[in-house]
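[1] Dropping a prediction and its sequence here:
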Amino acid sequence: MSHLIAKTITSAVLPVVLLSASGLALAHKAGDTIVRAGYAQVSPDASSSTVLGVADSGVDVKNNAQLGLTGTYMLTDNFGIEVLAATPFQHDIVATGSIASFGKIGSTKHLPPTFSAQYYFTGSDSKINPYVGIGVNYTTFFSNKTTQNLNDAVAAVTGLTVTSTSMKLDDSFGVAFEAGVDFNLDNNWVLNVSVWKADIDTTAKINVNNGAANAQVDVNIDPIVYMIGVGYTF
Ligand code: NI
């Protein structure tokens, strides 16, 4: 999937690069707004507390890719403020360690808006605009689902007859670090690659048999978010 999209972006962008090679390519300047869109992947680097007190048990959160959008407003030639948005990410949640055989135990969707203060290293005319940023990530989870595998896991561990499970994930506030590069194709178009490391921690609250029993698991999702896309400077 990622290769296909990268290939599509390459073939779409290449003619533009060739056409504009002789044109001016100016660095961002105060007052510019840069809007970028592209392929964004969230790759969790997850770790968790144990599940239902079972030794060496845990959960992992799988990768997902969506349409990513960023917008930057340049306060000066070097400083910008940025917001990262995306279509909702959907992640499978799988059992790990001593309970790994239960496989996929649930899934969740989330939106991870991230607000960053950015520093662009190039203030003069340059075709390449690298930048770094630091900011705050807010992640809200929704459409949380559990599977029969989770019912089976809870039944196996607790001895209960499990007829239903549900799950809720706490929202997360955390710091996010960012680095990226805008390759100026002409006065308006840029090719962008960017990466974020976000501190996203949540507590999964699992409800068994409509409240007959409860469990919770602390999960550090702490993903790396990659984006490749094209942008336009207004
Ligand atoms: Ni964390």
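    Ah, there it is.
[2] going forward, measure contacts between C-alpha atoms and count neighbours the same way
    OK.
[3] Which residue is the nearest non-sequential neighbour of I81?
    Nearest residue to I81, sequence neighbours excluded (Cα to Cα, 6 or more residues apart in numbering): A117, at 4.7 Å.
[4] And for the host helix or strand of the one you found, what's in contact with it?
    Assessed by DSSP states H and E, A117 sits inside strand 114-120. With contacts defined as Cα atoms under 8 Å, 6 or more residues apart in numbering, strand 114-120 is touched by 77-85, 129-138, 176, 178.
[5] Out of these, name the ones that lie in strands.
    Using DSSP state E, the subset of these located in strands is 79-85, 129-138, 176, 178.
[6] quick one: buried residues of stretch 120-130?
    By 16 or more other Cα atoms under 10 Å, the buried positions in stretch 120-130 come out as 120-123, 127-130.
[7] and the least confident of those?
    When the buried residues of stretch 120-130 are sorted by pLDDT, the bottom entry is G123 at 61.
[8] Just give the nearest non-adjacent residue to the residue positioned nearest the centre of the chain, would you?
    A centroid search over the chain (Cα atoms, centre = their mean) returns V42, at 3.7 Å, as the residue closest to the centre. Nearest-residue entry for V42: V225, 4.5 Å, with adjacent residues in sequence omitted and distances by Cα to Cα, 6+ apart.
[9] Which element, helix or strand, includes the one you found?
    V225 belongs to strand 224-233 when assigned by DSSP H and E.
[10] Residue numbers of this structure in contact with the ion?
    199, 201, 220, 222 (Cα under 5 Å from the ion).
[11] Over to R36. Which of the three states is it?
    Following DSSP: H, G, I helix; E, B strand; the rest coil, we place R36 in the strand state.
[12] From S172, how far off is the nearest residue to A37 once chain neighbours are set aside?
    Sequence neighbours aside, L69 is the residue nearest to A37 in space, at 4.5 Å (criterion: Cα to Cα, 6+ apart). In this view, L69 and S172 are 20 Å apart by Cα to Cα, to the nearest Å.
[13] Which one's more surrounded, the two?
    Higher neighbour count among L69 and S172: L69, with 21 against 16, using other Cα atoms under 10 Å.
[14] Would you agree that one is in contact with I34?
    No: proximity of L69 to I34 does not meet the contact threshold set by Cα atoms under 8 Å, at 10.6 Å.
[15] Below-threshold pLDDT in this structure: ranges please.
    1-25, 123-125 (pLDDT under 70).
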